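S.K.: when you get a sec, could you give me coordinates for this:
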Amino acid sequence: MLSPRSFKQQQGVAIVVALFIMALVASMAYIMMARLSRDTQRTTLILRDTQAAFYAQGSVAWAIEQLRRDWENQKPDQLIDKLPMTSPTNTINDYHISSTIEDMQARFNLNNLNDTEAQTSFKRLIQSVAPNLSEEKIQAIVNAVVHWITLGSMVSVSELRSVKGITPAIYHALQPYVTALPEAAALVNVQSAPAPILAVLSPTMNLEAGNAIMALRSTSPFVSMQQFLNNDIVKNHPISAQKVTVVSSYFLVVTNVTIEKQQLVLYTLLERATKGDQLAINILWQSKGIG
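M.R.: Predicted coordinates:
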């Protein structure tokens, strides 16, 4: 028979064991609930991303329709495309969707760099956006990019990040002014190109002349090549008609879809092409990013 003292000791041990078990069960329950919460949140994020991608495709369809309509409604004395063009923000089930169409022929095509004249133009562009770089450094970058595309054309400008000599600062300085179009012979659209691109179209052109062209076209848009080539600025800084155009075929659609704090960005490269009387607008590639 247990003494009263032994009984109390065993009772105390039992209480401690019971408390330990309760704490263990509570801890396990907390861990399971936290894991369930994370799994639920992860599932929600995946579902939202899938839904956002679906809505983004609808916005790409809007862009295709805009480019088709611009082409079909063109008039001889008017611009075909007025870019960049931004869609109204559309809200569906708390998702906010908007797109911007950008002219990719307003940029320097890196896939042109097999041409020696294009290499000189690219060198001048680097000098314009990164003036602190030495002549030797700029030439090394040009050579590295030429070597890169010799192995195969660039698909995306993001490939520049992997080219020898391209630092994050140099990449971000160049990124707004360069593109990687599949057609190496794609011409620069002088109606939409920014001043740093206009400035490299002629050996005698500079940023001041590029800005003057931008000011001129803001009041008198270039609706034909003849109009562009006949303006006094171009006459003073001859530009080859074989390098430029006022009609583009390549466009980048940047689509943003947001819900609460989650954002998806879809990049779509479109090509608008004609064959005879037939118009086709094709998706060349798409890439997703997270805002």
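S.K.: tally of neighbours for residue 208?
M.R.: 10 (other CB atoms under 10 Å). Every C-beta, even on glycine, is put in place using the N, C-alpha and C of the backbone.
S.K.: that one belongs to a strand?
M.R.: No - going by DSSP: H, G, I helix; E, B strand; the rest coil, the assignment for residue 208 is helix, not a strand.
S.K.: how about the strands in this protein?
M.R.: Listed from the start of the chain, the chain has strands (DSSP state E) covering 85-86, 90-92, 95-103, 108-109, 178-179, 188-189, 244-245, 250-259, 262-275, 278-290.
S.K.: mean confidence score for the longest one?
M.R.: If you average the pLDDT over strand 262-275, you get 93.
S.K.: angle of it against strand 95-103?
M.R.: Angle, strand 262-275 to strand 95-103, by axes from the mean of the first three to the mean of the last three CA atoms, to 10 degrees: 40 degrees.
S.K.: mind listing what's buried along strand 262-275?
M.R.: By neighbour count on 16 or more other CB atoms under 10 Å, the buried set for strand 262-275 is 264-272.
S.K.: partner strands of that strand, with direction?
M.R.: strand 250-259 (antiparallel), strand 278-290 (antiparallel) (DSSP bridges).
S.K.: any chance of a markdown table for the ones you listed, columns mean neighbour count?
M.R.: Putting those into a markdown table (neighbours: other CB atoms under 10 Å) gives the following:
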| stretch | mean neighbour count |
| --- | --- |
| strand 250-259 | 22 |
| strand 278-290 | 12 |
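S.K.: model confidence at the residue lying closest to residue 198 once chain neighbours are set aside, what's the number?
M.R.: Spatially, and ignoring its direct neighbours in sequence, residue 198 is nearest to residue 210 (3.7 Å; CB to CB, 6 or more residues apart in numbering). If you check residue 210, the pLDDT there is 96.
S.K.: residues contacting residue 210?
M.R.: If a contact means CB atoms under 8 Å, 6 or more residues apart in numbering, then residue 210 has 194-199 as its contacts.
S.K.: will you turn the strands paired with strand 262-275 into a markdown table that also has mean pLDDT and distance to residue 234?
M.R.: Formatted as a markdown table, the entries for the strands paired with strand 262-275 read as follows, by pLDDT from 0 to 100; distance: least, CB to CB, whole Å:
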| stretch | mean pLDDT | distance to residue 234 |
| --- | --- | --- |
| strand 250-259 | 95 | 23 |
| strand 278-290 | 89 | 30 |
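S.K.: quick revisit: restricted to helices, list the contacts of residue 210.
M.R.: Judged by DSSP state H, helices contain the following of the contacts of residue 210: 195-198.
S.K.: of the residues you listed, closest to residue 225?
M.R.: Nearest to residue 225 among the ones in helices among the contacts of residue 210 is residue 198, at 14.7 Å by CB to CB.
S.K.: how close does that closest one sit to residue 19?
M.R.: Residue 198 sits 79 Å away from residue 19, taking CB to CB, to the nearest Å as the criterion.
S.K.: so which of the two has more stuff around it?
M.R.: Comparing residue 198 with residue 19 by other CB under 10 Å, the one with more neighbours is residue 198, at 27 against 10.
S.K.: my guess is that one contacts residue 190. True?
M.R.: Yes - with the criterion set as CB atoms under 8 Å, residue 198 and residue 190 qualify as a contacting pair; they are 6.7 Å apart.
S.K.: what sits in contact with each of those two?
M.R.: residue 213.
S.K.: hey, where'd the helices end up in the stretch 101-250 of the chain?
M.R.: Counting by DSSP state H, counting those that start in this stretch, the stretch 101-250 of the chain forms helices over residues 116-129, 135-150, 168-174, 195-198, 207-219, 225-229, 232-236, given from the N-terminal end onward.
S.K.: who does the residue nearest to residue 285 when sequence neighbours are not counted bridge with?
M.R.: Once flanking residues are discounted, residue 285 sits nearest to residue 269: 5.3 Å by CB to CB, 6+ apart. With DSSP bridges as the criterion, residue 269 is bridged to residue 252, residue 285.
S.K.: ok so, going back, now the helices of the stretch 101-250 of the chain as CSV including distance to residue 289?
M.R.: As requested, these are exported to CSV (distance: least, CB to CB, whole Å):
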stretch, distance to residue 289
helix 116-129, 23
helix 135-150, 22
helix 168-174, 15
helix 195-198, 24
helix 207-219, 29
helix 225-229, 35
helix 232-236, 38
